[in-house]
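Peer 1: What would the 3D arrangement of this be:
(2 chains)
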Amino acid sequence: MAQRESTFINMVVTLFVITLIAGGTLGYVYTLTEAPIAIAKEKAQKEAIKTVLPEFDKLSNPFKVAAEEGSDSLEFFLAYKNNELVGTAIKTYTKKGFSGLVSIMAGVDTDGNICGYQVLEHAETPGLGSKMTTWFKSTEKPKQSIIGKSPKTTKFTVSKDGGDIDAITASTISSRAFLDAIVRAYNSYEKNLESNTGNKK
Amino acid sequence: MNQWKNFTKGFIKENPVFVLVLGMCPTLGVTSSAINGLGMGLATTFVLVMANIVISMVKSFIPEKVRIPSFIVIIAAFVTVVQLMMQAYLPSLYKSLGLFIPLIVVNCIVLGRAEAFASKNNIISSAIDGLSIGLGFSFALVLLGGIREILGSGKIFDITLYSENYVSLIFVLAPGAFIVLGYLIAFINQIRKS
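Peer 2: Numbers count the residues shown, from 1 in each chain, chains lettered A, B, ... in the order given. This is a model prediction of the structure:
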């Protein structure tokens, strides 16, 4: 078959048809994947809440709380077991990361101690800052762990800045960002403690 | 054309990374571990095969002056399909590659094959060409990612080989990518000559 000539009308029609087909296909695939994507996201969030909190059987609907500082709000999830509050999961974030936004699910137990965390999203350097996903819950080195500690009694800054938490080797910036997110979550938690526990029992 | 030759050329003889030196941005960006390289490579392979097939199918309808925008629209549509599918069914892989998937659109390997091969050859040859170049790309990314992972974090495919105390971090960072790629290109060129 000979090549179609590059006349104005040919070019316009060709481009129109190609973009029309591409657009239609994309629209179809989007409707096809919309539900699975939402389910996958929700599942990831549920899994994260499960790992950061003690066992629970009921989870409250998330409610948004304005952060102490910064423009975005934090999301709170209250977890109950036999209708008793066992902990609060807080979806927190920081913009101080080495490469952009870091989003973390943090768990606070009823005594106000951090009982777990899970990094949901980050773009830190692999092999350096990315260690934050496990570093701060190390059971072998208590000085770098934040589990079971409360920002009230422990200084949640890296030891280089006079705090009580050991930073990730060679990733002080990522460590600072991580602690920033945790402290942000905790401050909002403290501030909303009253309304939290009184809320929906 | 000999289809077997057409298929094997992508691995060494016309390897897109080591020989054609195309698509360096994703090559250097995602290969901090072998599994990332594999995921990126296979996603690119899918796009390459599909784009090559479609472009060779419609090549005679496309006026020459608008061929580049037409190819780009076709490629971009396939990339978005891959992105949505991956987000829906492979969320953990999407999490580590998400940033790089849209970059396949501007990966010059894909447009390069469309322009140099698919727009001149029939559907079957084009599909095999896409598969060959895509698998060659995957092979290069896994090799590069594997070496960087072993040297930089003491692991391969997330299996720990030796203690993290002995790794040299530079290999998971950007400079390490250039160093490893340089040595690999030298090595592959040596093989090709002999």
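Peer 1: can we go C-alpha only for contacts and neighbour counts from here?
Peer 2: Fine.
Peer 1: Could I get the full set of helices for the chain?
Peer 2: Just going to use chain A. Along chain A, counting by DSSP state H, helices occupy A:8-52, A:132-135, A:172-191, A:193-198.
Peer 1: if you could check chain B rather than the one you did, that'd help
Peer 2: According to DSSP H, the helices that chain B contains are B:3-8, B:24-30, B:34-58, B:67-89, B:91-97, B:108-113, B:123-153, B:174-193.
Peer 1: Would you mind saying which of those helices lies nearest A:K50?
Peer 2: Closest approach to A:K50 among the helices of chain B (CA to CA): helix B:91-97, 17.4 Å.
Peer 1: List the residues that contact A:S103.
Peer 2: Residues in contact with A:S103, defined by CA atoms under 8 Å, 6 or more residues apart in numbering or on different chains, are A:91-94, A:119-122, A:181.
Peer 1: In terms of mean pLDDT, which of the helices of chain B ranks lowest?
Peer 2: The minimum mean pLDDT among the helices of chain B belongs to helix B:91-97 (a mean of 75).
Peer 1: Can you find which strand in chain A contains the most residues?
Peer 2: Counting by DSSP state E, the longest strand found in chain A is strand A:84-97.
Peer 1: rewinding a little: quick one: which of the contacts of A:S103 has the most company?
Peer 2: Counting neighbours by other CA atoms under 10 Å in any protein chain shown, A:Y93 leads the contacts of A:S103 with 29 neighbours.
Peer 1: bridging residues for that residue?
Peer 2: Taking DSSP bridges as the rule, A:Y93 bridges to A:S103.
Peer 1: Enumerate every residue touching it.
Peer 2: A:74, A:101-104, A:181.
Peer 1: Just put the residues you listed in JSON lines and tack on distance to A:I49.
Peer 2: Formatted as JSON lines, the contacts of A:Y93 follow (distance: CA to CA, whole Å):
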{"residue": "A:L74", "distance to A:I49": "14"}
{"residue": "A:L101", "distance to A:I49": "20"}
{"residue": "A:V102", "distance to A:I49": "17"}
{"residue": "A:S103", "distance to A:I49": "13"}
{"residue": "A:I104", "distance to A:I49": "10"}
{"residue": "A:A181", "distance to A:I49": "16"}
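Peer 1: Right, and chain A sits closest to which residue of chain B?
Peer 2: Nearest residue of chain B to chain A (CA to the nearest CA) works out as B:A88 at 4.2 Å.
Peer 1: Show me which residues of chain B sit near chain A.
Peer 2: B:32, B:59-66, B:70, B:73-74, B:77, B:80-81, B:84-85, B:87-89, B:91, B:95, B:152-153, B:169, B:172-173 (CA under 8 Å from any CA of the partner chain).
Peer 1: List only buried entries from the residues you listed.
Peer 2: B:32, B:59-64, B:70, B:73-74, B:77, B:80-81, B:84-85, B:87-88, B:91, B:152-153, B:169, B:172-173 (16 or more other CA atoms under 10 Å in any protein chain shown).
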